[in-house]
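A.B. asks: Provide a 3D model corresponding to the input given below.
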Amino acid sequence: MAMNLSVGLISGSYLAEVFRGALKLVEPFEITVAKVAGMRQLQVIINIELPQMLRFSVPGIINEFSSVLKATPFAYTVGIAEITKQAMSLTAITLNGLQIYTLAGVLYFIIYKVFTLLAGVFEKKYRIS
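C.D. replies: Predicted structure coming up:
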């Protein structure tokens, strides 16, 4: 519980800064033009600010998720039952440490590879040209 809360709070604060920075990159001129064109504030947010903010924030989101994914193996030090902790428990029971830790490494690799492929799709979709 403590690890989930701490990782969530830290990650949330980094993501808040990513979104804040991305929102500041939206040109004020575009917002002014949208308002002059007759858009209401909600329309400006939905149609102008959010799409651009998402485009600018994709690299930061990917970076933060990658950092969280890399940090979670250390969670077992505070009692979180995750892949590394389960591998330790299984090794103690079965005494097949090499196979179990190899499988744990493969699981981490698969998770990270799937994440990297999805991140590539998002980066291509929201590429800043």
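
A.B. asks: Against which helices or strands is the longest helix along the chain packed?
C.D. replies: As assigned by DSSP state H, the longest helix anywhere in the chain is helix 97-125. Helices and strands touching helix 97-125, as assessed by 3 or more C-beta pairs under 8 Å, 6 or more residues apart in numbering; DSSP states H and E, comprise helix 50-71, helix 83-94. (C-beta placed from N, C-alpha, C; glycine too.)

A.B. asks: which parts of the shortest one are buried?
C.D. replies: Pointing back at helix 83-94 there. Within helix 83-94, the residues that count as buried by 16 or more other C-beta atoms under 10 Å are 83, 84, 85, 87, 90, 91.

A.B. asks: which one is residue 59 nearest to, not counting chain neighbours?
C.D. replies: For residue 59, ignoring the flanking residues on the chain, the nearest one in space by C-beta to C-beta, 6 or more residues apart in numbering is residue 123 at 7.2 Å.

A.B. asks: Name all residues that make contact with the one you found.
C.D. replies: 58, 59, 62 (C-beta atoms under 8 Å, 6 or more residues apart in numbering).

A.B. asks: Just name the closest of the residues you listed to residue 69, please.
C.D. replies: residue 62 (10.5 Å; C-beta to C-beta).

A.B. asks: how close does that closest one get to residue 118?
C.D. replies: Note on residue 62: its distance to residue 118, by C-beta to C-beta, to the nearest Å, is 9 Å.

A.B. asks: With neighbour numbers in mind, choose between the two.
C.D. replies: The residue with more neighbours, out of residue 62 and residue 118, is residue 62; 18 against 12, by other C-beta atoms under 10 Å.

A.B. asks: which residues does that one contact?
C.D. replies: So residue 62 contacts 119, 122, 123 (C-beta under 8 Å, 6+ apart).

A.B. asks: State the distance from the last one to residue 42.
C.D. replies: What it means is residue 123. 28 Å.

A.B. asks: and if you look at residue 27?
C.D. replies: Taking C-beta to C-beta, one finds residue 27 at 19 Å from residue 42.

A.B. asks: Please apply the same query to residue 58.
C.D. replies: 23 Å.

A.B. asks: Any regions of this protein where pLDDT drops low?
C.D. replies: 1-4, 72-81, 128-129 (pLDDT under 70).
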